[in-house]
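Student: What follows is a protein structure lacking sequence information:
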C-alpha cells in the first residue's frame with residue numbers, strides 16, 4: 001500500500017488540521033485494526049475467511065455460531081478465520097458535537113485499507129462473507145480494488161443492493177441509513193459502477209443469498225441486481241440466515257461447498273424457491289408441480305405459494321390439505337399457506353396477499369369452530385387463526401387511528417382459545433399479542449418473557465418477536481417497541 005509522507009487529520013471541530021507522518025498513520029491504522037479485527041482461528045494459513053457484519057451489528061455477536069461451524073469443517077482446515085468490525089449503531093448522528101458513525105463510502109475505504117495491511121494482506125486468498133449493510137461496504141470496496149486483489153470469494157447475505165425504501169425516514173437521523181436509500185448517491189453510483197466494472201464475469205466467485213422469510217430486505221433489492229446464476233435462497237429471516245443453529249444448515253453448507261471447491265447442484269426446490277422470490281411463478285410451478293408427491297413440506301409450501309400467486313387458490317389449498325389428511329387437521333395446512341402470504345405482504349404490501357391470507361385464516365377459524373363436539377375443537381388451531389386474523393386487521397388500519405372493535409373482538413376470541421390450550425411458547429406469545437391489542441403492555445411483556453423462556457428453537461423467537469414488535473409499533477409507538485425488545489432480549493444485527 002502506498003502512503004503519502006504528509007497527510008492531514010481534521011479535528012472534530014473541522015477548523016484546524018494537524019500534520020501526521022507516515023509512521024503515525026500506519027500505527028493508527030494498525031491500532032484500529034487490532035480493536036476491530038477479531039481472530040477466530042489464526043494458524044498462519046495462506047487463506048482466510050473474513051466476516052463483515054451489518055448495520056448496528058458487531059464483529060463478535062452478529063454471526064452467532066457461523067464461524068465456529070466453519071472452523072469445525074475438515075474441508076476448511078487450511079483457512080484462518082477473522083471477523084471485522086466497524087462503527088455502526090442506532091445512536092443519532094450529530095456531526096461536530098459528538099462522534100457519529102461514518103458514511104458507507106468511508107467504511108468501504110476502511111475495509112479496503114484493512115485488506116491491504118497486515119495481517120489480512122499476508123494472505124494469498126480471502127473469502128469475504130458479509131451481512132446486510134456490510135455487503136454494501138464490501139461491494140463498494142471491490143470497485144476500488146484491483147482485479148488481482150486477494151479477494152477470491154464473496155458471499156452477500158441479505159444485502160440491500162438496490163437500497164431500502166424504509167431507510168428513507170431513518171436517513172434523516174443516520175448517515176448510514178441515508179446511504180441505503182434507493183435514491184441515494186451511494187446506491188445509484190454503486191449499481192452503475194458495479195454494472196460497468198463487473199457486468200461480465202467478476203474476478204472473484206460471487207454468491208448473493210436471500211432468506212425466504214426476510215421481511216427486512218426484500219428480494220427485489222437483494223437478488224434482482226445480479227444474474228440468476230449467482231443467486232441463492234435459504235430458509236430463514238434477515239438475522240436467522242447468518243445465525244445457523246447447526247453445521248448442516250443451508251447457509252453454512254453453501255459457504256463450505258464454495259470454499260472447498262465442491263460443485264453446486266441446485267435442487268428442484270432451491271430453483272423453485274429462487275423463482276418464487278423473483279416472482280417467476282410460472283417457472284416455479286413448472287419445476288415443482290410434476291414432482292408434488294415427492295416434495296417435503298418446505299417444497300410443498302413453495303409450490304402452493306406459486307400456485308396461489310397464479311390465481312390457482314383451490315389447487316394450492318387442495319395440495320396442502322392432501323398432505324395433511326390422516327396426520328393433522330387440514331386447517332393447519334391452510335395456516336401454513338396463509339402465514340407465507342402474510343410474510344410476503346409485510347414485505348411487498350400487495351393488497352391481494354393481505355386479502356388472501358386473511359381469507360385463509362378466517363376460513364380455517366370457521367372450520368375449527370364448526371366442530372359440533374365442543375370437546376373436539378382444536379383450541380390451538382383456534383387461537384392461532386384468530387390471533388392472525390386480528391393481527392392482519394390491525395395492520396391494515398391507518399397509523400394513529402383507534403383500534404377497531406373487530407380487532408379487539410377477534411383478539412378476545414384468540415385469548416379464550418389460548419386459555420384452554422397447552423402451555424407452550426406459542427400460547428404465551430398469543431396471550432402477549434392479545435394483551436397488547438387490549439392495551440395492557442405490562443401483561444403483554446410478562447407473557448412474552450414467558451414465551452422467550454419456554455422456546456425450544458431460537459429461530460422461533462424471531463417469528464414471535466416479528467409479530468409482537470409490529471403490534472407494539474402500531475399501538476404504543478417507540479416506547480412499546482423498546483419494551484417488547486427488552487422482553488425478547490433481541491440481539492443486534
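Tutor: All right, it came through fine. All figures in this text were calculated on a predicted structure; none of them were measured in a lab.
Student: Tell me the bridge partners for residue 49.
Tutor: residue 81, residue 127 (DSSP bridges).
Student: Return the per-residue confidence for it.
Tutor: Listed pLDDT for residue 49 reads 97.
Student: For it, list the residues it contacts.
Tutor: When contacts are counted by CB atoms under 8 Å, 6 or more residues apart in numbering, residue 49 touches 67, 70, 76, 79-82, 126-127, 129, 255, 259. C-beta here means a position set from N, CA and C on the backbone, and glycine is covered the same way.
Student: how near is it to residue 40?
Tutor: Plainly put, residue 49 is 8 Å away from residue 40 if you go by CB to CB, to the nearest Å.
Student: So for those two, which residues contact both of them?
Tutor: By CB under 8 Å, 6+ apart, the residues touching both residue 49 and residue 40 are 67, 81-82.
Student: In ChimeraX, how would I select the buried members of those residues?
Tutor: ChimeraX command restricting these to the buried ones, with burial defined by 16 or more other CB atoms under 10 Å:
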select :67,81,82
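Student: could you dump the shared contacts of residue 49 and residue 40 to a markdown table with distance to residue 106 and pLDDT?
Tutor: Listed next are the shared contacts of residue 49 and residue 40 as a markdown table, based on distance: CB to CB, whole Å; pLDDT from 0 to 100:
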| residue | distance to residue 106 | pLDDT |
| --- | --- | --- |
| 67 | 26 | 96 |
| 81 | 26 | 97 |
| 82 | 21 | 97 |
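Student: Looking at the shared contacts of residue 49 and residue 40, which is nearest residue 109?
Tutor: The closest of the shared contacts of residue 49 and residue 40 to residue 109 turns out to be residue 82 (CB to CB; 18.8 Å).
Student: in which helix or strand would I find residue 162?
Tutor: When elements are assigned from DSSP states H and E, residue 162 belongs to no helix and no strand.
Student: need the contact list for it.
Tutor: 182, 187, 191, 220-221, 224-225.
Student: Please apply the same query to residue 390.
Tutor: 407-408, 410-411, 414, 433-434, 437.
Student: Any figure for the gap between it and residue 225?
Tutor: Applying CB to CB to residue 390 and residue 225 gives a distance of 38 Å.
Student: With residue 423 instead?
Tutor: Residue 423 is 47 Å from residue 225, where distance means CB to CB.
Student: And for residue 111?
Tutor: From residue 111 to residue 225 the distance is 20 Å (CB to CB).
Student: One more: residue 67?
Tutor: From residue 67 to residue 225 the distance is 27 Å (CB to CB).
Student: coming back round to it: more neighbours: which of residue 111 and residue 225?
Tutor: The residue with more neighbours, out of residue 111 and residue 225 and counting by other CB atoms under 10 Å, is residue 111; that gives 25 against 18.
Student: just checking, the more buried one touches residue 86?
Tutor: Yes. With contact defined as CB atoms under 8 Å, residue 111 reaches residue 86; the gap is 7.4 Å.
Student: Which residues are in contact with each of the two?
Tutor: Contacts common to residue 111 and residue 86, judged by CB under 8 Å, 6+ apart, are residue 137.
Student: Residue 396 - nearest residue in space that isn't next to it in sequence?
Tutor: residue 354 (6.4 Å; CB to CB, 6 or more residues apart in numbering).
Student: pLDDT below threshold where in the chain?
Tutor: Applying pLDDT under 70 to the chain picks out residues 1-35, 89-100, 168-173, 321, 323-331, 371-376, 456-459, 490-493.
Student: can you list the domain ranges for it.
Tutor: According to automatic domain parsing, the chain comprises the domains 21-265, 395-493.
Student: And residue 151, how far from residue 134?
Tutor: From residue 151 to residue 134 the distance is 14 Å (CB to CB).
Student: tell me, what residue is most central in this protein?
Tutor: residue 238 (0.8 Å; CA atoms, centre = their mean).
Student: For it, give me its contacts.
Tutor: Counting by CB under 8 Å, 6+ apart, residue 238 has contacts 132, 158, 211, 214-217, 493.
Student: Could you confirm it falls within a strand?
Tutor: No. The assignment for residue 238 (DSSP: H, G, I helix; E, B strand; the rest coil) gives coil, which keeps it out of a strand.
Student: Phi and psi next, for it.
Tutor: phi -60, psi -40 (degrees, to the nearest 10).
Student: Roughly how far does the spatially closest residue to it that is not a sequence neighbour sit from residue 161?
Tutor: Nearest residue to residue 238 in three dimensions, chain neighbours excluded: residue 216, at 4.0 Å (CB to CB, 6+ apart). Look at residue 216 and residue 161: by CB to CB, they are 14 Å apart.
Student: can you check residue 61 too?
Tutor: Applying CB to CB to residue 61 and residue 161 gives a distance of 24 Å.
Student: Between the two, which is the more surrounded one?
Tutor: residue 161 (21 against 14).
Student: need the contact list for residue 291.
Tutor: residue 268.
Student: and it, that's in a helix?
Tutor: Yes. Counting by three-state DSSP, residue 291 is found in a helix.
Student: quick one on the thing from earlier: export the shared contacts of residue 49 and residue 40 as JSON lines, with columns for distance to residue 382.
Tutor: Shown next, in JSON lines, are the shared contacts of residue 49 and residue 40 (distance: CB to CB, whole Å):
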{"residue": "67", "distance to residue 382": "43"}
{"residue": "81", "distance to residue 382": "48"}
{"residue": "82", "distance to residue 382": "51"}
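Student: quick one: which of the shared contacts of residue 49 and residue 40 is nearest residue 301?
Tutor: Closest to residue 301, out of all of these and judged by CB to CB, is residue 67, at 30.8 Å.
Student: give me phi/psi at the closest one?
Tutor: phi -60, psi -40.
Student: my guess is it meets residue 40, correct?
Tutor: Yes. With contact defined as CB under 8 Å, residue 67 counts as touching residue 40 (4.6 Å).
Student: and for these two, which residues touch both?
Tutor: Shared contacts of residue 67 and residue 40, counting by CB under 8 Å, 6+ apart, come down to 81, 83.
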